[in-house]
Each structure stands twice: as C-alpha cells, then as structure tokens.
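Chemist: Let's see this in three dimensions:
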Amino acid sequence: MSSLTPEMVLEIIELENGEMAIRNADSDAEPMIKVNFSEELREKLSGQYLDVARVMLTAGIQMVADSGLDLSDEEEAEPEPIIH
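Modeler: Numbers count the residues shown, from 1 in each chain. As a prediction, this is how the structure comes out:
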C-alpha cells in the first residue's frame, strides 16, 4: 500500500442474529458484507457453518483487495489548486 492510502483492517464477526459479517475493525458501522445460512443448512453443516462463512467472506475480501478498490471511509482530499 502506498503511504497515502491508509490500511484498512477488516474483521469477521458473528452478529446477534447469527449472521456472519465483515466490518472495518476500527468502526462500529454497519457491516460491509453479511452471510446468512438457513436453519436447515446450519443443522446439516453442524458447527462447520462458521468455517464455510469464513471461507466465503475471506474470498470476498481477497477479490476486493485484488481489484484495487479503496473501501476506506476517508474521502480523498481535493487536490490543491496550482496558481501560476
């Protein structure tokens, strides 16, 4: 990352409603991505649904990182005008 682009730290969390989500670790803002499994699928996967959700969310993070998109909350500063 360049010195001008702040590094974003993301975390995978489980929400109160059971959804798995990715959010900015430095913020309590709404999660960027959520994954939800039906109760039937949770039962079939037993406790492995957490691992499946982590793999899905990690793949999403990797794809965004590879795309070069800037997901930071900071707005880019307007360039200073050049006066001649």
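Chemist: For the rest of this, base every contact and every neighbour count on C-alpha atoms.
Modeler: OK.
Chemist: Apart from its chain neighbours, what residue comes closest to D26?
Modeler: V9 (7.2 Å; Cα to Cα, 6 or more residues apart in numbering).
Chemist: any idea how far the one you found is from R42?
Modeler: 28 Å (Cα to Cα, to the nearest Å).
Chemist: Tell me which of these two has more neighbours.
Modeler: Per other Cα atoms under 10 Å, whichever of V9 and R42 has more neighbours is R42, with 14 against 11.
Chemist: In a strand, that one, correct?
Modeler: No. Secondary structure of R42, determined by DSSP: H, G, I helix; E, B strand; the rest coil: helix, with no strand assignment.
Chemist: residue ranges with poor pLDDT in this structure?
Modeler: 1-6, 71-84 (pLDDT under 70).
Chemist: ranges for the strands of it?
Modeler: 10-14, 20-24, 33-35 (DSSP state E).
Chemist: Report all helices and strands that the last one contacts.
Modeler: This means strand 33-35. strand 20-24, helix 49-67 (3 or more Cα pairs under 8 Å, 6 or more residues apart in numbering; DSSP states H and E).
Chemist: for the longest one, the distance to its chain's centre please.
Modeler: On the basis of Cα atoms, centre = their mean, to the nearest Å, the separation between the geometric centre of helix 49-67 and that of its chain is 9 Å.
Chemist: helices or strands next to that helix in the packing?
Modeler: strand 20-24, strand 33-35.
Chemist: ok, the closest residue to N36 other than its chain neighbours to I61 distance?
Modeler: Excluding its sequence neighbours, the residue lying closest to N36 (Cα to Cα, 6+ apart) is E19, at 4.8 Å. Taking Cα to Cα as the measure, E19 falls 17 Å from I61.
Chemist: How about L41?
Modeler: From L41 to I61 the distance is 23 Å (Cα to Cα).
Chemist: How about the residue nearest the centre of the chain, nearest residue that isn't a chain neighbour?
Modeler: Nearest to the mean C-alpha position of the chain, by Cα atoms, centre = their mean, lies I22 at 3.8 Å. Using Cα to Cα, 6+ apart and skipping residues adjacent in sequence, the residue nearest I22 is I12, 4.6 Å away.
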